[in-house]
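Novice: just to be clear, the model below is a prediction. Sequence and coordinates:
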Amino acid sequence: MTNARPKVALATYERAPDLAPDDRPLARALAARDIDATAAAWSSANTEWESFDVVVLRSCWDYHLRLDEFLAWLDRVSRLYVSVLNSPVLVRWNADKRYLLDLAARGVPTVPTVVAEQQDADAVYRAVDAGGWDKFVVKPAVSASGYETHLLTSLDEASRATIERIVALGAVLVQPFLDEIARDGELSFTFIDGEYSHATLKRARAGEFRVQTDHGGRSEATQPAPQLVREASRVVTSLPETPLYARVDGVVQNDRLLLMELELIEPNLFLHHRPGAPERLAGAIAGRLGR
């Protein structure tokens, strides 16, 4: 569709109808480019998605709890000939954390990962035994914000009960816990239109291993070594298309970046950590609109 003043939907979820705080500067930056930006919950039955030129996925933070519904919504919007960013192809691939195995096969250094299919708790036990892991993490293959992510230190009765409960819900990932996370924190590299923008250091609160703010984690702007930026960039360039935005999350081990997550659906981009970042993202959206 063609409008004198393009319309962009910034897709959010019902609990953040006015966008997450990190996304609000983006709306202002789009307005400064004469682009109308509207926050809209992806699950809203009242939104006329066909009235928009582009739908940009932002704080859709419940997609992992309603995955089939979310993917069906993506399909419906796409059939309206409305562009969705990031693309539904990337989103479908990124929604299941088995993408880590794909990236590892492409030569991306990743945290060692084993997948156990739904109801297969024995596969988790075998992975832990084979890896000789005294501390390990189990989490759903479809998850966000640390949902149902557990750090376990044994295969005792309580741990087995946790594992069996999680695998009953769906496929899970099993990974060794890396001490560098607790000691040094986790790095997040933000990319806009395929180009590195800025980095964030995330740390867990005392007594916790998850770095997300939902679990008491804190973040700060940081300046990683150029080599680490290059390694994060290789993750993005390994994709079949250039995403509008990407967040590469990793941990440094032996001076090498190990990928933990590649976030292409609804990540906090920490736009406030880099002056001009909202404007650059707005410019990238304008570019996709041909402006």
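Specialist: Great, that's in hand.
Novice: please name the nearest non-neighbouring residue to Ser159.
Specialist: Leu152 (4.6 Å; C-beta to C-beta, 6 or more residues apart in numbering). Glycine gets a C-beta too; all of them are placed from N, C-alpha and C.
Novice: sorry, wrong one. I was asking about Trp133.
Specialist: Using C-beta to C-beta, 6+ apart, the closest residue to Trp133 is Pro176 (4.5 Å).
Novice: which parts of stretch 134-150 are buried?
Specialist: Across stretch 134-150, burial judged by 16 or more other C-beta atoms under 10 Å covers 136-144, 146-150.
Novice: same deal with stretch 236-253?
Specialist: Within stretch 236-253, the residues that qualify as buried are 236, 239, 242-252, counting by 16+ other C-beta under 10 Å.
Novice: nearest to Asn46 among the residues you listed?
Specialist: Taking C-beta to C-beta as the measure, Asn46 lies nearest Leu244 of those, at 25.7 Å.
Novice: so the residue nearest to Ser159 makes contact with Ile166?
Specialist: No - here Leu152 does not reach Ile166: they are 10.5 Å apart, not a contact under C-beta atoms under 8 Å.
Novice: just to revisit the earlier point, secondary structure and pLDDT added to the buried residues of stretch 236-253, as a markdown table?
Specialist: Listed next are the buried residues of stretch 236-253 as a markdown table, based on DSSP: H, G, I helix; E, B strand; the rest coil; pLDDT from 0 to 100:
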| residue | secondary structure | pLDDT |
| --- | --- | --- |
| Val236 | helix | 98 |
| Leu239 | coil | 97 |
| Thr242 | coil | 98 |
| Pro243 | coil | 98 |
| Leu244 | coil | 98 |
| Tyr245 | strand | 98 |
| Ala246 | strand | 98 |
| Arg247 | strand | 98 |
| Val248 | strand | 98 |
| Asp249 | strand | 97 |
| Gly250 | strand | 96 |
| Val251 | strand | 96 |
| Val252 | strand | 96 |
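Novice: can you list those in TSV and add distance to Arg274?
Specialist: Formatted as TSV, the buried residues of stretch 236-253 follow (distance: C-beta to C-beta, whole Å):
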residue	distance to Arg274
Val236	17
Leu239	22
Thr242	19
Pro243	18
Leu244	16
Tyr245	13
Ala246	15
Arg247	13
Val248	15
Asp249	17
Gly250	18
Val251	21
Val252	20
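Novice: which one of the residues you listed sits closest to Pro278?
Specialist: Nearest to Pro278 among the buried residues of stretch 236-253 is Tyr245, at 11.5 Å by C-beta to C-beta.
Novice: so how far is Pro140 from the closest one?
Specialist: Counting by C-beta to C-beta, to the nearest Å, the separation of Tyr245 from Pro140 is 24 Å.
Novice: and His273, by the same measure?
Specialist: Computed as C-beta to C-beta, the His273 to Pro140 distance reads 29 Å.
Novice: spell out the secondary structure type for Ser154.
Specialist: coil (DSSP: H, G, I helix; E, B strand; the rest coil).
Novice: grab the nearest non-local neighbour of it.
Specialist: Spatial nearest neighbour of Ser154, chain neighbours left out: Asp134 (8.0 Å); criterion: C-beta to C-beta, 6+ apart.
Novice: ok, Ala123 next?
Specialist: The spatially closest residue to Ala123, leaving aside those adjacent along the chain, is Ala116, at 3.7 Å (C-beta to C-beta, 6+ apart).
Novice: give the contact list for that neighbour.
Specialist: 123-124, 127, 167, 171-174 (C-beta atoms under 8 Å, 6 or more residues apart in numbering).
Novice: quick one: residues contacting Leu74.
Specialist: 84, 88, 91-92.
Novice: buried ones in whichever strand or helix holds it?
Specialist: According to DSSP states H and E, Leu74 maps onto helix 67-79. Going by neighbour count (16+ other C-beta under 10 Å), the buried part of helix 67-79 is 70, 73-74, 77-78.
Novice: residue ranges with poor pLDDT in the stretch 101-250 of the chain?
Specialist: Applying pLDDT under 70 to the stretch 101-250 of the chain picks out residues 145, 206-216.
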